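# predicted model, plus sequence, below.
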Amino acid sequence: MPYQSPISPGYSWYEATIGERPEYQPLDGDLSVDVVIIGGGFTGLSAAAHLAQAGTRVALIDAHRFGDGASGRNGGQLGTGQRAWGEELEGQIGFTRAKALFDLAEDAKAHLLNFAATHRIDIDYRPGQMSVVHKRRYLKSYQAHVQLMAERFGYAHLSFMDAQETAQRLGSARYFGGLRDAGTGHIHPLKLVVGTAQVAAQAGALLHEMTKATSIVSSGGKVRVTTKRGTITADKALLAVNAYGENLEPVSASHVMPIGSFIGATVPLGNDSPVIPGGESVDDSRFVVRYFRKSADGRLLFGGREIYAPGDPKDIHIPIRKQIAEIYPQLKDVEITHAWGGYVGITIPRQPFVREVMPNVIAAGGYSGHGVMLSNFVGKLYAETITGNRDRLKLFEELRIPPFPGGRRLRTPLLFLALNWYALRDRF
Ligand SMILES: Cc1cc2nc3c(=O)[nH]c(=O)nc-3n(C[C@H](O)[C@H](O)[C@H](O)COP(=O)(O)OP(=O)(O)OC[C@H]3O[C@@H](n4cnc5c(N)ncnc54)[C@H](O)[C@@H]3O)c2cc1C
């Protein structure tokens, strides 16, 4: 029976193609370390790898297997910059901070690729990204964005595509135009999870899967994490549970909201398929974004359906196939071999949530669908903080992220209404 994440729906194509991967035994006993990390996704594993490499005694626990949250199951698209465009951020926080955050994201991108190359982690990297426009009226802002990024943010990898070029590069005439980013690409995320865990373990990090933190307490200069069969005492802690933290810690839980997102993998489309002949990844201009790309073996990996109501959907493949057919009518009956989902951690302004939530405990998450490169880098920046330099992590800590209104009981129904309104707006 193939392993299937118990906390995220469906069996992923990533899991199906990863092969045998090392298992890390559950914690059994008490540990005392410098740093304890809760959560074995990109954020936690990257922090563990960098801390252990710097000689810090670090232990990391995950309630399930590494990558069972968002990190092993996402769209694999690195993107560029922050989730919000540079000009949008500039309007909110001024040019200097917006540019610093843009530059940080560029560092994040370079870091991810260097880390994988240095440690010989084969992440199936494919270059190229296209952002395409589903409403004609958005075209002007996309065109202006290309120019602004080059002139004001010093990013010259974007080019504007008219409808004809978009149709050629996409293999679909469904969109009105878009932009192409030659400075980024996409990866097999679970391979990065597994590789990062191996780097961390080899550097001396103590890694434990199937070990759920049931409480975290900070008192008298020490942090104590309790699990079913042991405790971990440390000077500092990183809470890297993102959208999966449930009630473990209330401050981060009130700022980061889980939203389901779902992906389907088709059968391989064959070498003569007109679908994305250049191999780029794609996202579109909907608020409820559709994101798709070809896998290394020629499948279409198509993501898009976000569920705002609580509870896991059945038959993920049915709406996914419908969305594929809107863009590629010839694939209306295509076989979907794998369909799965996960929970994206979002914040109200769709910017990361990084905050000291109790003495010596920093929480990081809420990358709002833009966490593949950012979460890996935030892990590294957390390690930097422990080894004495908090300047770069501070850029995220200074973002003003409000809690979701409505408290624990009302926030889900309120968000459900708000996001469904946006989903409706996408259609008109
Ligand atoms: C379907 C989908 C598609 C996405 N596509 C993209 C994309 O294309 N590009 C992009 O940039 N981003 C994308 N994202 C977002 C991206 O995957 C995340 O931002 C990123 O993986 C977050 O990593 P993380 O380590 O912070 O959290 P996660 O990977 O979610 O890890 C959190 C971990 O914490 C563990 N945990 C929770 N509670 C406890 C506890 N009490 N004790 C121990 N462990 C605990 C969980 O088991 C989990 O493993 C997508 C997300 C999803 C779900």
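Here it is on my side, so go on. Residues are numbered from 1 along each chain as shown.
# the ligand contacts on the stretch 151-300 of the chain?
By CB under 6 Å from any ligand atom, the part of the stretch 151-300 of the chain that sits against the ligand consists of Lys212, Ala213, Ala240, Val241, Asn242, Ala243, Tyr244, Gly245, Leu248, Ser261, Ile263, Tyr291. (C-beta placed from N, C-alpha, C; glycine too.)
# for the stretch 251-400 of the chain, which residues score under the pLDDT cut-off?
Within the stretch 251-400 of the chain, the ranges that satisfy pLDDT under 70 run 306-313.
# run a quick neighbour tally on the closest residue to Gly41 other than its chain neighbours.
Among residues not flanking Gly41 along the chain, Ser71 sits closest, at 3.5 Å (CB to CB, 6 or more residues apart in numbering). By the criterion of other CB atoms under 10 Å, Ser71 has 28 neighbours.
# what residues are up against Ser71?
Ser71 sits next to Gly41, Phe42, Thr43, Leu45, Pro189, Leu190, Leu192, Val193, Ser375 when contact means CB atoms under 8 Å, 6 or more residues apart in numbering.
# Glu246 should be in a helix, yeah?
No: under DSSP: H, G, I helix; E, B strand; the rest coil, Glu246 sits outside any helix and is assigned coil.
# ok, now how distant is the residue lying closest to it once chain neighbours are set aside from the ligand?
Of all residues not flanking Glu246 in the chain, Ala253 sits nearest, at 7.2 Å (CB to CB, 6+ apart). As defined by CB to the nearest ligand atom, to the nearest Å, Ala253 lies at a distance of 10 Å from the ligand.
# Ala253 reaches Asn247, doesn't it?
Yes: with contact defined as CB atoms under 8 Å, Ala253 counts as touching Asn247 (6.5 Å).
# more neighbours: which of those two?
Taking other CB under 10 Å, Ala253 and Asn247 do not tie; Ala253 has more neighbours (21 against 8).
# for that one, what is the enclosing helix or strand?
Taking DSSP states H and E as the definition, Ala253 sits inside helix 250-255.
# most centrally placed residue in this protein?
For the chain, the residue nearest the mean C-alpha position is Gly371 (3.1 Å; CA atoms, centre = their mean).
# strands of the stretch 151-300 of the chain, residue ranges please.
For the stretch 151-300 of the chain, the strands defined by DSSP state E, counting those that start in this stretch occupy 158-161, 178-186, 206-208, 213-219, 222-227, 230-239, 257-266, 281-284, 291-294, 300-307.
# the nearest residue to Leu207 once chain neighbours are set aside and Asn376, how far apart?
Once flanking residues are discounted, Leu207 sits nearest to Tyr24: 4.3 Å by CB to CB, 6+ apart. As judged by CB to CB, to the nearest Å, Tyr24 and Asn376 stand 19 Å apart.
# do Ala167 as well
Distance, Ala167 to Asn376, using CB to CB: 34 Å.
# related to what we said a few turns ago, so can I have a markdown table of the contacts of Ser71 showing neighbour count?
Shown next, in a markdown table, are the contacts of Ser71 (neighbours: other CB atoms under 10 Å):
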| residue | neighbour count |
| --- | --- |
| Gly41 | 32 |
| Phe42 | 32 |
| Thr43 | 33 |
| Leu45 | 33 |
| Pro189 | 24 |
| Leu190 | 25 |
| Leu192 | 27 |
| Val193 | 29 |
| Ser375 | 29 |
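# mind picking the two most distant members of these?
Using CB to CB, the two most remote members of the contacts of Ser71 are Thr43 and Leu190, lying 15.5 Å apart.
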